[in-house]
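**Student:** sequence below, structure please.
(one chain, ligands or ions: 3)
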Amino acid sequence: MNQEYFTGIKTIAYEGPKTRNRLAFRHYNAEEVVGKKKMKDHLRFSMAYWHAMKNTSSDPFGGGTRQRPWDDGSSTVENARRVADAGFEFMQKLGLGFYCFHDRDVAPELGDLQASNDALDAVADHLRKLQRQTGIKLLWGTACLFAHPRYMQGAATSPSADVYAIAAAQVKHAMDVTHRLGGLGYTFWGGREGYATLLNTDMKRETGNLAHFLHMAVEYKKKIGFKGQFYIEPKPREPSTHQYDSDAAACLNFLREHDLLEHFKLNIETNHATLALHRVEHELAVAAGAGALGSIDANTGDELVGWDTDQFPTNVYMATQMTLQLLKMGGFKTGGLNFDAKVRRESYEPVDLFHAHIGGMDTFARGLKIAHRIIEDGELDRFVKTRYASFDNGIGKTVTTGKATFESLEKHALKLGPVLPASGRQEMLENLLNDYVL
Ligand code: XLS
Ligand code: NI
Ligand code: NI
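**Tutor:** Ligands and ions are numbered 1, 2, ... in the order given. Purely as a prediction, here's the structure:
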């Protein structure tokens, strides 16, 4: 790492809320302890290689605008190594402890599978060296099963067995590389696993094939001794019209139906939750409730448009509610907050990548501190506990412990006069949240 790519930008330091320096943290202070852990260990920020390093900011109406001096656009291992150098310089300057990639982000897809595998192995050697030099870890790896034209009709749900086989081979190799790099996880995002019309689709066969695919991945994981966590990342649509992994509940049901639940957790992405018409804290609560909240793709969508805008998170209310869910489940084990987010097409300079990540990190640092105070003070928890207190004793307890029957409840009900539950006090609680956030 001799050549500097982000010239003129120094390591980003914590300078506190009063600083006038825009290239500084106002709230994220990596070593500061919140509760029992340092901020950096609570939040485990990660760079998404595809957005930070490879995205050109093209859109359906025009080509790329981004300045990426580290990338000459050639499909060579040499170029891939240079991009990796730039990526690690970027992560070091920001103090990001983790990164995530698709096989085709870090190395080029070449003429045939063997050549692509060799290129990936060569770049992986370089990545391993950079990881050792910097202490930065691979949060998760994955395979790009959506960009190449062969995947136009899906990968593990393709109607073509040959395409299915290539997808399996690609995942096998991506798992090998993830394992070799000490990856803490491996993500399955079903890019095009879904359908455009049921007129040409045998849904049962497609979802069955997907289940076989995941079982093979579990088998292979055991075979190579990879101990990382498998994740499924829900998303309801885009690019497909209907994707099978539409939301957290649908993923959990799929995993249960096919005996896969013990092997997978979920990687919840904010903008995907929005596309599924859920708040992200809903998706986090569904996953955590099933003991399956693994990792988070931190971004946000534009609520006025209906697609995956993958913007950087800046909403402190949202970050507070997300970290509340995270703290309540005891924090990340293998996962982290991966900035699956891209700068706007108009923000084309390398320094914009810094502003974007600084904003995301400061937002979650504030969310963390606020959520921690909410939990410490206990007022919100006490309200919720009291709201359900009737299930802690008496007739309610017989329900909770599974002893109640329709007959026993009827006997109880017949003795009651008019009954109303206590007020839900939503507005009071929203005021309470404001008191902490502001
Ligand atoms: C795309 C997904 C993708 C996954 C990794 O919408 O979020 O980036 O995180 O394949
Ligand atoms: Ni994602
Ligand atoms: Ni997304």
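**Student:** around whichever residue of the chain sits closest to ligand 1, count how many other residues there are.
**Tutor:** Residue nearest to ligand 1 within the chain (Cβ to the nearest ligand atom): Trp189, separated by 3.5 Å. Every residue, glycine included, has its C-beta placed from N, CA and C. Trp189 has 23 neighbours, counted by other Cβ atoms under 10 Å.
**Student:** show me what contacts it?
**Tutor:** Applying Cβ atoms under 8 Å, 6 or more residues apart in numbering to Trp189 gives the contacts Thr142, Ile232, Glu233, Lys235, Asp245, Asn267.
**Student:** do the same with Asn21
**Tutor:** Glu15.
**Student:** Thr187: what's it in contact with?
**Tutor:** Here Thr187 is in contact with Cys100, Trp140, Gly141, Thr142, Phe230, Tyr231, Ile232, Glu233, Asn267, Ser295 (Cβ under 8 Å, 6+ apart).
**Student:** filter these by proximity to ligand 2?
**Tutor:** Near ligand 2, judged by Cβ under 5 Å from the ion, there are no entries from the contacts of Thr187.
**Student:** near ligand 1 too, which of those residues?
**Tutor:** Thr142, Glu233 (Cβ under 6 Å from any ligand atom).
**Student:** one step back: for Thr300, state which of the contacts of Trp189 is nearest.
**Tutor:** Among the contacts of Trp189, Lys235 lies closest to Thr300 (Cβ to Cβ), at 14.7 Å.
**Student:** thought that closest one was touching Thr270?
**Tutor:** No. Using Cβ atoms under 8 Å, Lys235 makes no contact with Thr270, being 11.2 Å away.
**Student:** beta partners for the residue most central in space within the chain?
**Tutor:** By Cα atoms, centre = their mean, the mean C-alpha position of the chain lies nearest to Asp297, the distance being 2.3 Å. Note on Asp297: beta-bridge partners by DSSP bridges are Glu269, Asn338.
**Student:** sorry, back to before: and which of the contacts of Trp189 is nearest Phe226?
**Tutor:** Thr142 (13.4 Å).
**Student:** just the strands in the protein please.
**Tutor:** Remark: strands assigned in the chain by DSSP state E are 33-34, 37-38, 45-48, 98-102, 137-142, 185-189, 194-195, 229-233, 242-243, 264-269, 293-297, 337-339.
**Student:** pull the longest helix from the chain.
**Tutor:** Secondary structure of the chain read by DSSP state H shows that its longest helix is helix 350-377.
**Student:** just checking, what packs against that helix?
**Tutor:** In terms of contacts (3 or more Cβ pairs under 8 Å, 6 or more residues apart in numbering; DSSP states H and E), helix 350-377 is packed against strand 33-34, helix 39-43, strand 45-48, helix 77-94, helix 316-328, strand 337-339, helix 426-437.
**Student:** tilt between that helix and helix 316-328?
**Tutor:** 60 degrees (axes from the mean of the first three to the mean of the last three Cα atoms, to 10 degrees).
**Student:** pull out the buried residues from helix 350-377.
**Tutor:** Residues of helix 350-377 classed as buried by neighbour count (16 or more other Cβ atoms under 10 Å): 350, 352-354, 356-372, 374.
**Student:** so, low pLDDT: which residues of the protein?
**Tutor:** Applying pLDDT under 70 to the chain flags residues 1.
**Student:** between the contacts of Trp189, which is nearest ligand 3?
**Tutor:** Lys235 (6.5 Å; Cβ to the ion).
**Student:** burial check on that closest one, number of neighbours?
**Tutor:** Lys235, neighbours per other Cβ under 10 Å, totals 26.
**Student:** dihedrals phi and psi, it?
**Tutor:** Per-residue torsions, Lys235: phi -160, psi 130 (degrees, to the nearest 10).
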